[in-house]
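Asker: Need the 3D shape of this:
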Amino acid sequence: MKKPKLLLINPYIYDFAAYDLWLKPLGLLYLAAVLEENGYEIIFLDAMDRWHPDVLKLQKRESPRTKKYGDGYFFKQSVEKPQEFQHIRRHYSRYGLPPEFMRKNLDRIRHEHDIDMVLVTSGMTYWYRGVHEAISMARETFPKAGILLGGIYATLFHEYAQRHSGADVVFKGESERTLLKFISDKTGLTIRKQYQGYDDYPFPAYHLYPKLDYAALMTSRGCPYRCSFCATHEFTDDFHRRRPDKVVEEIEFYNVQRHIADLSFYDDALFVNSDKHIKPILRQVIRKNLKVRFHTPNGLFAKLLDAELAELLVESGFKTIRLSYETKNTERQIQMKKVNDSDLEKALRHLESAGFPRQEVVVYLIMGLPNQKPAEVSDSINYVHQLGAKVSLSSFSPIPNTQEWAVAVRDYGFPADKPLLTNKSIYPLKNDYFTYDDFEQLKMTAIQGNRKQNRHPEETGWSISDYNVYA
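Answerer: Numbers count the residues shown, from 1 in each chain. Below is the predicted model:
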């Protein structure tokens with residue numbers, strides 16, 4: 001039986017701002033690796049690949065605009081703002097491979113391959129326009145191929161995606177084993193391997209990229225916490241961890257075999273039970289003398305960062321450390337059960353003692369939470385700056401199936417059926433005491449305070465925790 005051919009697509013996006021903060025469709029790459037291991041031929045089109053030849057040609061560049069740790073700027077083109085965003089005083093853009101070049105690439109693939117099925121992933125809920133366009137193009141180009149959709153948008157706005165995306169089937173949550181069985185049933189190709197756990201999966205299929213500046217990895221899936229604004233539980237029911245030796249094996253593979261120095265952790269709970277997980281991982285990295293630079297675009301739990309862990313972070317090669325704090329408001333801290341002032345102060349002391357300068361630590365804050373006033377955010381910004389750290393300020397956006405979503409819909413009249421309006425750049429929960437001008441002023445306060453720390457402001461208003469990583 002011939003190998004079935006599957007086309008996997010990571011679409012381009014529309015947004016007010018986007019930056020490649022070690023951003024890869026990790027779930028899609030895991031899925032590609034699992035499918036390859038089971039006898040499928042994978043054709044891969046990542047419209048957000050900054051090394052794509054067509055993107056470089058458009059920019060008249062031989063290489064993308066990349067910073068010293070592999071992060072960099074996506075190619076963008078200004079586009080007309082949707083009607084819902086006309087009041088926002090910011091430019092709106094499409095990032096990644098433009099539609100006409102998407103079509104050209106799809107036509108090339110059609111001439112070279114007899115595609116049996118198309119799999120499309122989706123990121124942020126309000127990026128769905130690019131997802132729908134990619135599905136429409138795939139439908140035109142491969143009219144006989146079934147089209148499957150998964151990812152963040154597909155999970156959180158599942159019914160909306162079923163009605164409007166144009167995909168034949170829409171999947172929710174973790175999908176490697178579910179999709180493998182579905183595709184096997186459709187193609188008649190027998191499943192070769194049964195996957196009992198996360199460590200059974202092959203490494204993500206990074207070989208599908210001709211050029212890599214960095215790699216992203218996960219040592220766990222899910223999170224033991226249930227923050228009121230987070231929907232991690234929608235993607236996986238349990239908190240799964242990989243064996244430390246398997247994680248180190250993957251790190252060593254990227255570093256030694258692929259010659260990649262910059263590696264980012266996508267975990268939501270990297271520090272949980274650190275004595276049995278991240279500490280053994282970092283000790284092995286140090287013992288093997290791997291020359292890596294680690295980055296954590298997700299917010300880390302400051303309350304779990306002790307002196308020993310701080311020393312291991314520095315010695316093993318961490319260059320980017322971001323801590324979750326969210327707010328200085330005591331009542332919210334108790335509600336979130338995540339971090340308090342003492343936890344943050346202690347974490348910064350440990351990092352500084354280990355040799356990681358305070359002014360290089362980024363602390364995540366949220367503005368625009370339900371019932372939050374500007375003074376609370378201002379106090380939080382000033383407090384973090386007084387501690388000598390840098391602020392990354394993100395406006396709150398309600399996420400379906402969370403406690404805060406219910407509050408937003410009930411008390412603020414937030415529309416439950418419009419994923420476009422979940423874009424945090426439009427400051428979704430405006431009210432009489434938190435106006436658009438308040439948001440803009442707080443953003444400038446954070447930027448100005450960061451400059452006083454001799455650092456540059458964030459290039460983007462969102463983090464990897466916003467862009468979840470499941471296919």
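Asker: In this protein, where's the longest helix?
Answerer: helix 436-452 (DSSP state H).
Asker: what does it contact?
Answerer: 87, 365, 367-368, 374, 377-378, 381-382, 385, 390-393, 395, 427, 430, 456-457 (CB atoms under 8 Å, 6 or more residues apart in numbering). (Each C-beta comes from the backbone N, C-alpha and C, glycine too.)
Asker: count of residues packed around residue 204?
Answerer: Residue 204 has 25 neighbours, counted by other CB atoms under 10 Å.
Asker: and the closest residue to it other than its chain neighbours, how many neighbours?
Answerer: Among residues not flanking residue 204 along the chain, residue 29 sits closest, at 3.6 Å (CB to CB, 6 or more residues apart in numbering). Per other CB under 10 Å, the neighbour tally for residue 29 reads 27.
Asker: was I right about residue 29 contacting residue 201?
Answerer: No - counting by CB atoms under 8 Å, residue 29 does not reach residue 201; the two are 10.5 Å apart.
Asker: what's the lengthiest strand in the chain packed up against?
Answerer: If you go by DSSP state E, the chain has its longest strand at strand 318-326. Under the contact criterion of 3 or more CB pairs under 8 Å, 6 or more residues apart in numbering; DSSP states H and E, strand 318-326 touches strand 293-295, strand 300-301, helix 330-336, helix 341-354, strand 361-367, helix 374-386.
Asker: out of the ones you listed, which comes closest to residue 210?
Answerer: Smallest distance to residue 210 across the helices and strands packed on strand 318-326 (CB to CB): 22.1 Å, for strand 293-295.
Asker: What are the contacting residues of that closest one?
Answerer: 22, 69, 71, 214, 261-265, 313, 316-320.
Asker: quick revisit: now find how far off-centre the longest helix of the chain is within its chain.
Answerer: From the chain centre to the centre of helix 436-452 is a distance of 24 Å (CA atoms, centre = their mean, to the nearest Å).
Asker: Equivalent analysis for stretch 308-315, please.
Answerer: On CA atoms, centre = their mean, the centre of stretch 308-315 falls 25 Å from the chain's centre.
Asker: same question for that stretch, mean pLDDT?
Answerer: Stretch 308-315 shows an average pLDDT of 98 in the prediction.
Asker: Report the buried residues of that stretch.
Answerer: 309, 310, 311, 312, 313, 314 (16 or more other CB atoms under 10 Å).
Asker: picking that back up, which PyMOL command selects the buried ones in the contacts of helix 436-452?
Answerer: Remark: buried members of these, expressed as a PyMOL selection using 16+ other CB under 10 Å:
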select buried, resi 365+367+368+374+377+378+381+385+390+391+392+393+395+427+457
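Asker: Outside of the one helix or strand the residue nearest to residue 204 maps to itself, which residues are in contact with it?
Answerer: For residue 29, the element it lies in under DSSP states H and E is helix 26-37. With CB under 8 Å, 6+ apart as the test, helix 26-37 has contacts from 6, 8, 10, 42, 44, 119, 121, 150-151, 174-177, 179-180, 183, 192-193, 195, 201-206, 208, 216-218, 266, 469-471.
Asker: residues in contact with residue 179?
Answerer: 31, 35, 119, 148, 150, 171, 471.
Asker: ok, it to residue 34 distance?
Answerer: 8 Å (CB to CB, to the nearest Å).
Asker: same question, residue 108
Answerer: Taking CB to CB, one finds residue 108 at 26 Å from residue 34.
Asker: Looking at these two, which is more packed in?
Answerer: Neighbour count, other CB under 10 Å: between residue 108 and residue 34, residue 34 has more, with 24 against 11.
Asker: quick revisit: listing partners with orientation, what would you give for the longest strand of the chain?
Answerer: Taking DSSP bridges as the criterion, strand 318-326 sits next to strand 293-295 (parallel), strand 300-301 (parallel), strand 361-367 (parallel) in its sheet.
Asker: Give me the next element, helix or strand, following the helix holding residue 29.
Answerer: Counting by DSSP H and E, what follows helix 26-37 is strand 41-46.
Asker: what's that next one packed up against?
Answerer: Secondary elements touching strand 41-46 (3+ CB pairs under 8 Å, 6+ apart): strand 5-10, helix 26-37, helix 99-112.
Asker: And whichever helix or strand comes after the longest one, how far out from the chain middle?
Answerer: Spelled out, that is helix 99-112. Using DSSP H and E, the helix or strand that follows helix 99-112 in sequence is strand 117-120. Centroid separation for strand 117-120 versus its chain: 21 Å, with CA atoms, centre = their mean.
Asker: The helix or strand just after strand 117-120 versus strand 5-10: what angle between them?
Answerer: Later in the chain than strand 117-120, the nearest helix or strand by DSSP H and E is helix 128-141. For helix 128-141 against strand 5-10, the angle by axes from the mean of the first three to the mean of the last three CA atoms, to 10 degrees is 160 degrees.
Asker: buried stuff in helix 128-141?
Answerer: Here helix 128-141 shows 128, 129, 130, 131, 132, 133, 134, 135, 137, 138, 141 as buried, counting by 16+ other CB under 10 Å.
Asker: ditto for stretch 41-58
Answerer: Per 16+ other CB under 10 Å, stretch 41-58 contains these buried residues: 42-50, 52, 54-56.
Asker: Could you do stretch 402-416 as well?
Answerer: Buried-residue list, stretch 402-416, by 16+ other CB under 10 Å: 402, 403, 404, 405, 406, 407, 408, 414.
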